[in-house]
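K.L.:
Dropping the sequence and predicted coords here.
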Amino acid sequence: MWRLGACGVLLVVFAGSAGGTTVTFEDVALPAAGYVNGDPGNLSAGQSVSNPIVSQGVSFANTFGIDSYGGYDYPYWYGFAVSDVVNTTDPDFTNQYAAYPGGGYGSSNYGVAYADNAVLTLPAAGNVAGFWIANTTYAYLAMTSGDPYGFTAPLAAPGGYFRVTAEGFLGATSTGTADFYLADLRTLASPGVLASWAWFDLSGLGLVDSVSFSFSGSDSGPYGLNTPAYFAMDSLVYIVPEPSAFAMLVCGGLLLVAARLRRSRASKAAPRLVGGREERA
């Protein structure tokens, strides 16, 4: 029973992992405001809560809190939000949940990442093929026209850029990084500020159980990046490994060993004739 069970476990672990999932965020219910940002609705100043937003098995880290400064309380969040907001014109942070292409990629809902160390975690180790990425309206208009408060100037060419870096992890071990330029004005021939959805290929990260995102750009100062650190995402493709030929070989080897053990025990237990008498080993 144990030998068959061990082989069966190997088959279940590998064969059960075949397939893939496209995360569209359509399973996240949105309120009338058009977005979920982690606000539980019952926090007081100085309190915060960290709960992931889960869509189709993938956990998207989120922290929401309320801070106090100068006698005023104000909310904040970072990590991921989910939105279906369509607004391509309002140029400031009050429009932080809108994707500049005007909605999601092939669906109404989409994710919004904000600030460094936004992390997505897979339900099991696998390969992230990639996802569709876009600028938010706030970031796009800040890079092309500047923001209303003067914190961000339009990106200049040549030399201007706004970059997202994805880093894969398997446990605590980094599996590598991949970059995507949401704005590329590094040369006069560069494509400029991204105005549509584009594919962010993460297949080079290999086998991962989480992916972390960070931002960098040419418009930076003593306090870090001036460009609003957001991106929109949709249709994340997560592919779990196909059944392993190695596991099949290991399983076959276990069956072979088990068969030999059974034959050996059977031969030892079988009666034999010695001098006309039946004896057992």
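P.N.:
It's in.

K.L.:
Next, residue 139: phi, psi?
P.N.:
phi -70, psi -40 (degrees, to the nearest 10).

K.L.:
for residue 142, same thing?
P.N.:
phi -60, psi -40.

K.L.:
burial measure for it, as a count.
P.N.:
Other residues lying near residue 142 total 29 when counted by other C-beta atoms under 10 Å. For glycine as for every other residue, the C-beta is placed from the backbone atoms N, C-alpha and C.

K.L.:
Could you measure from it over to residue 193?
P.N.:
Separation of residue 142 from residue 193 (C-beta to C-beta, to the nearest Å): 10 Å.

K.L.:
Same check on residue 183?
P.N.:
Taking C-beta to C-beta, one finds residue 183 at 4 Å from residue 193.

K.L.:
Give me the common contacts of these two.
P.N.:
Here residue 183 and residue 193 have 135, 143, 155, 162 as joint contacts, going by C-beta atoms under 8 Å, 6 or more residues apart in numbering.

K.L.:
ok, which pair from these is furthest apart?
P.N.:
135 and 155 (11.7 Å; C-beta to C-beta).

K.L.:
Now do the shared contacts for those two.
P.N.:
143, 183, 193.

K.L.:
The second one pairs with what?
P.N.:
The bridge-partner assignment for residue 183, based on DSSP bridges, gives residue 162, residue 193.

K.L.:
thought it was touching residue 198?
P.N.:
No - using C-beta atoms under 8 Å, residue 183 makes no contact with residue 198, being 11.9 Å away.

K.L.:
So for those two, which residue has more residues nearby?
P.N.:
The neighbour count for residue 183 versus residue 198, taken as other C-beta under 10 Å, is higher for residue 183 (25 against 17).

K.L.:
follow-up on the earlier one: show me the shared contacts of residue 183 and residue 193 that map onto strands.
P.N.:
Judged by DSSP state E, strands contain the following of these: residue 162.

K.L.:
between the shared contacts of residue 183 and residue 193, which is nearest residue 124?
P.N.:
Out of these, the member with the shortest distance to residue 124 (by C-beta to C-beta) is residue 135, at 31.3 Å.

K.L.:
Excluding sequence neighbours, find me the nearest residue to the closest one.
P.N.:
Leaving aside its chain neighbours, residue 135 sits nearest to residue 100 (4.7 Å; criterion: C-beta to C-beta, 6 or more residues apart in numbering).

K.L.:
where do the strands sit along the stretch 1-150 of the chain?
P.N.:
Secondary structure of the stretch 1-150 of the chain (DSSP state E, counting those that start in this stretch): strands at 20-23, 35-36, 48-50, 53-55, 58-60, 62-69, 72-83, 110-114, 118-134.

K.L.:
Compute the mean per-residue pLDDT across the second one, please.
P.N.:
Which is strand 35-36. Taken as a whole, strand 35-36 has a mean pLDDT of 98.

K.L.:
same deal with the fifth one?
P.N.:
In this model, strand 58-60 has an average pLDDT of 98.

K.L.:
The fourth one now?
P.N.:
This predicted structure assigns strand 53-55 an average pLDDT of 98.

K.L.:
Now find how far off-centre that strand is within its chain.
P.N.:
Relative to its chain's centre, strand 53-55 lies at 11 Å (C-alpha atoms, centre = their mean, to the nearest Å).

K.L.:
picking up where we left off before, quick one: contacts for the residue nearest to residue 135?
P.N.:
88, 134, 135, 136, 137, 139, 140, 141, 195, 232.

K.L.:
host element of residue 214?
P.N.:
strand 207-217 (DSSP states H and E).

K.L.:
Relative to that strand, what are the paired strands and their orientations?
P.N.:
strand 118-134 (antiparallel), strand 160-170 (antiparallel).

K.L.:
need the ones you listed in TSV with distance to residue 221 and mean neighbour count, can you?
P.N.:
TSV is the format used below for those (distance: least, C-beta to C-beta, whole Å; neighbours: other C-beta atoms under 10 Å):
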stretch	distance to residue 221	mean neighbour count
strand 118-134	22	21
strand 160-170	14	20
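
K.L.:
And those: which comes nearest residue 62?
P.N.:
Short answer: strand 118-134, nearest of the strands paired with strand 207-217 by C-beta to C-beta, at 8.8 Å.
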